[in-house]
Structures are given as C-alpha cells and as structure tokens.
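J.: fold the following for me, if possible:
(2 chains)
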Number of protein chains: 2
Amino acid sequence: MDEVRIIEIKKSVFEDNDRAADAMRGELKKKGVFLLNLMSSPGSGKTTTLIQTINRLKHKIRIAVMEADIDSDVDAVKIKDATGVESIQLHTGGMCHLDAEMTGQGLAAIGDQPDLVILENVGNLVCPAEFDTGAVKNAMILSVPEGHDKPLKYPLMFSICDVVVINKIDVLPYFDFDLDKCRQYIHMRNPKATIIPICAKTGEGVDAFADWLLSEVNQWKEA
Amino acid sequence: MDEVRIIEIKKSVFEDNDRAADAMRGELKKKGVFLLNLMSSPGSGKTTTLIQTINRLKHKIRIAVMEADIDSDVDAVKIKDATGVESIQLHTGGMCHLDAEMTGQGLAAIGDQPDLVILENVGNLVCPAEFDTGAVKNAMILSVPEGHDKPLKYPLMFSICDVVVINKIDVLPYFDFDLDKCRQYIHMRNPKATIIPICAKTGEGVDAFADWLLSEVNQWKEA
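T.: Below you'll find the model as predicted:
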C-alpha cells in the first residue's frame, strides 16, 4: 500500500465562515481549480464512488482528493492505490465537519495545480451541511439501504446539495426503497437538484455522474 | 395516525456536561428509571428495531420513548402507532447531539414513571458519541450495508457503546460484510461490548436484544 500524507487539521479561528468560503471560491476561480464537497452518511459508498469516478476522468483532467476522517487514513490509501491520483488525508481530530479555513489547510498541502479537487467530508448528514467549505458545488450520496425518507429527516443537507447520487441501486429488490418518492422528497428540499442513480460496485450509472462533474469543471474554468 | 408531543429542545447552558450526566444518573437511580441511549447512522434501522424490541417488552415493563430529530416527527408517530407506548419527539433545531441537560428536558416531559426510557439519539456516528446524555447504558446499531470497517473509522462511538446491534443480517449475501472481522474491530475498540446480530424487519435476533435490555433494566432496579 502506498503511503499518503496526513494533515492534522487545526480548529478554525475565523468567526465569519461564509466570508472565508466566498474568499476561497474567489481564489479557486483565479487558479482555475474546481472544488467539489462530497458528503454522505458513513457506509454509503463515497470512497468506492470516487474511485470509479476518478478512473473515468483522470486522463482528461488533473485530479486530487482530500479525505477527511476523524483519525484513520484507510480511505486516502485506498484512493491512492486504486486511482494513482494525489490523495491526502485530513484528520479532524474528532471534529464533525470542515469549514472553509480547515478545507484551506488541506488545499495548501496539495502540490500540482489540479483542475479538480474532491473533498470527501466527514461521514455525517447533519454537521457538514451547516458549514460552507468554500466548494464550488456540493454533492451527496444517499444509498438505497438508508431509505427514501432521508430528505424528510435531513432537510438542510438535501437543500444545499447540487447533485444527489443514489448509490447501491443493485440492492433495490431487497429493500423497501421507492425511487420515485425519493426523487419527490429531494426536489421538495431542492427543486434544482440533479439526481443520479448509480451502483458504484458494478459501475452502473457512474458515467452520468462523471459527465456531470466534467461539465461542471469545464464551465467553472470557462465562465 | 396518533398525535405525539413535540418538545423544542433549548441549547444547554451547563458547562460541565459530565457532572450533569452523573447527577442525572443519580436521579434516575433513585426513581428506578433505566435510560438507554440508542445511536446509529441515518437509515440503520433504529426505529424498526425499537418497535420490534418494545413489542416484546411492553407487557413486562413500562416503556417510554424519546425520539430526537432535527425537525421532523415521523419517528415518534411511527413508534406510537406501532407499539402504543408513550412517545415524544425532541426537536434539536439543527443540533447534532443531545447532552445531559437537553436529555433532561425530554425526561421532564414524560408523564407516568416508566421502568425504561429509550432515547433515540440524532442519526450520526460522530457528535452524539462525545456527549454523555446521562444514560445508564449506550447502545448503537450498525447495519450490514454500512460495512464492517466502521469501528476503524468511528473509534469513539464504538468505544463508548455497551452493546452493538448489527442489523439487516438478511442482506449479508448481497454485501461484502465480514461479520467476524466486524466483531474483531468492535472488540478492538471495546473488549467488553456485547454484539447482537439481528434483522429488525423479520425479527430474527431481536429476542436476544430484548433479553439483554430487560436484564439490564432489572439489574439497575435491584442494584
């Protein structure tokens, strides 16, 4: 297994996170770097989805990944081994989210100027939704076993996400998950959300997510 | 559907949560009330597990449930409809955990003196682990689709739980979930943790969890 760099994230001292996040987006725009903030519950398949997506895009654009975790580095190592792209681990030291300044500590540790940086946020549907990381777009993964009612119970998370990936559709026959109801609940929270059903394990639907991401990266560079 | 009471939880003003939690346990002991703090990720099956468990115990002991949620009341209504026991909803107003003082606001709203109060904490493996609610025992539910590696990634949560229920074992054939490895990782975090595999949907294994809980309630009353 490759070694990955581990960054111990310090608690943010900035009071005004929204301003810090806007400033970071301004910096990213100047540099032509697109930052995607990826959120989900633990076990929804963030890392597997990332590996599949990165392997479809890495020959078209330069990609780097920041894996936020309380204290392990299993995900950053997995991403690096499976894709070869730069992958660093952010240790939050127990903190349940990343704000813009903390995200900036990770960005500063990334070497080559990438076109796309993906932040895999802490696995949690509550806290990460409350803090703008400075990302250009927010994405979340909801997996079939979690149930189609989650947009009812985690309103803020679903309302701030530009794209909702519905993962593990291969197990739809074994769960009481109503895809139409799920779409309806998501659009209740955010009428503009793009919804992409996938199975990261088999790769089904991942092309659609990769296409969405590539198109967003290109729009960000051109606009 | 029955109506349930909704309690809007105010932010705690106490600085010293550990002391408040110990004081609450002292009070509960005097009154002969056992408080179970139940934690998990969103979608692990907490509510279904509770319904199955309560229906096995409600003729032996008096039970009440406090459902913590950011702002919906679907779970409290579901519990009340399916079991008939007193069920109140605690609205955390976006807060990602409950501390002892906040839990106390819920307890104060429960009428009859129950033998067992079950607190369904906010769905999150990070924040609730950091705050002692004043419960006598901590339980968590890990579901098969989340993966057997979760004790590696959420060390604090697994180290503070007295019992870990592994739910959705009916879908073991469809997921790469290694039950032996999971046991080993849980015991790495907490060698004394009781581990109970169940399927809340079919009821398999729920007797074992209900027995564990009843035995704990009786010990608490007698000790």
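
J.: the residue positioned nearest the centre of chain A bridge partners, please.
T.: For chain A, the residue sitting closest to the mean C-alpha position, by CA atoms, centre = their mean, is A:Leu38 at 1.2 Å. A:Leu38 has the following beta-bridge partners by DSSP bridges: A:Glu120, A:Ala139.

J.: from what I can see it touches A:Val122, true?
T.: No - judged on CB atoms under 8 Å, A:Leu38 makes no contact with A:Val122 at a distance of 10.9 Å. For the C-beta atoms, the positions are set from N, CA and C on the backbone; glycine is no exception.

J.: if we can go back for a sec, got a list of what the residue nearest to the centre of chain A touches?
T.: Counting by CB atoms under 8 Å, 6 or more residues apart in numbering or on different chains, A:Leu38 makes contact with A:46, A:50, A:118-121, A:139-141.

J.: one more: A:Arg62?
T.: A:112-116.

J.: of those, the lowest pLDDT goes to which?
T.: The lowest pLDDT within these belongs to A:Asp112, with 76.

J.: thinking that one is in contact with A:Ile61, fair?
T.: No - when contacts are counted by CB under 8 Å, A:Asp112 is not listed as touching A:Ile61 (11.9 Å).

J.: these two: who's more crowded?
T.: Applying other CB atoms under 10 Å in any protein chain shown to A:Asp112 and A:Ile61 shows that A:Ile61 carries more neighbours, namely 16 against 7.

J.: so the more buried one: helix, strand or coil?
T.: At A:Ile61 the chain is in coil, as set by DSSP: H, G, I helix; E, B strand; the rest coil.

J.: format the contacts of A:Leu38 as TSV; extra columns: neighbour count and pLDDT.
T.: Shown next, in TSV, are these (neighbours: other CB atoms under 10 Å in any protein chain shown; pLDDT from 0 to 100):
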residue	neighbour count	pLDDT
A:Lys46	26	93
A:Leu50	26	96
A:Ile118	25	97
A:Leu119	25	97
A:Glu120	25	94
A:Asn121	29	94
A:Ala139	27	98
A:Met140	28	97
A:Ile141	26	98
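
J.: in which helix or strand does A:Asp18 reside?
T.: helix A:17-31 (DSSP states H and E).

J.: go through that helix and flag the buried ones.
T.: The neighbour-count check on helix A:17-31 (16 or more other CB atoms under 10 Å in any protein chain shown) flags A:17, A:20-21, A:23-25, A:28 as buried.

J.: then stretch A:180-195?
T.: A:182-183, A:185-186, A:189-190, A:193-195.

J.: report the two of those residues separated the most.
T.: A:Tyr185 and A:Thr194 (15.1 Å; CB to CB).

J.: ok now whichever helix in chain A runs longest, how far from the chain's centre?
T.: When chain A is parsed with DSSP state H, its longest helix is helix A:206-222. In terms of CA atoms, centre = their mean, to the nearest Å, the centre of helix A:206-222 is found 14 Å from the chain centre.

J.: which elements pack onto it?
T.: strand A:34-40, helix A:46-57, strand A:163-167, strand A:194-197 (3 or more CB pairs under 8 Å, 6 or more residues apart in numbering or on different chains; DSSP states H and E).

J.: kindly export the shortest one (C-alpha atoms) in CSV.
T.: Right, strand A:194-197. What follows is strand A:194-197, C-alpha atoms only, in CSV (Å, rounded to 0.1, in the frame of the first residue of the first chain):
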residue,chain,number,x,y,z
THR,A,194,-29.7,16.8,-10.2
ILE,A,195,-30.4,13.2,-9.2
ILE,A,196,-28.2,10.4,-10.5
PRO,A,197,-28.9,6.7,-9.5
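
J.: that one - what's its average pLDDT?
T.: Rounded mean pLDDT across strand A:194-197 is 98.

J.: contact partners of that strand?
T.: A:162-166, A:169, A:179, A:183, A:186-187, A:205, A:208-209, A:212.

J.: can you check the longest one too?
T.: For helix A:46-57, the surrounding residues in contact (CB under 8 Å, 6+ apart) are A:38, A:40, A:63, A:65, A:67, A:75, A:78-79, A:82-83, A:85, A:116, A:118, A:120, A:123, A:141, A:165, A:167, A:198, A:200-201, A:203, A:206-207, A:209-210, A:213-214.

J.: follow-up on the earlier one: now the longest helix of chain A: buried residues?
T.: A:206, A:209-210, A:212-214, A:216-217, A:220.

J.: what of stretch A:44-58?
T.: Those would be A:44-57, for stretch A:44-58 by 16+ other CB under 10 Å.

J.: and stretch A:112-131, by the same measure?
T.: A:114-129, A:131.

J.: alongside chain B, which residues does chain A contribute?
T.: Contacts of chain A with chain B, taken as CB under 8 Å from any CB of the partner chain, map to A:41-43, A:69-72, A:74, A:94, A:96, A:122-127, A:130, A:143-147, A:149-150, A:152-156, A:168, A:170-171, A:174-175.

J.: make a ChimeraX selection of the buried ones in those residues.
T.: Entered in ChimeraX, the line below selects the buried ones among the residues of chain A next to chain B, by 16+ other CB under 10 Å:
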select /A:41,42,43,69,70,71,72,74,96,122,123,124,125,126,127,143,144,145,146,147,149,150,152,153,154,155,156,168,171,174,175
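
J.: take the residues of chain A next to chain B and keep only those in helices.
T.: Per DSSP H, the residues of chain A next to chain B map to helices at A:74, A:150, A:152-153, A:155-156.
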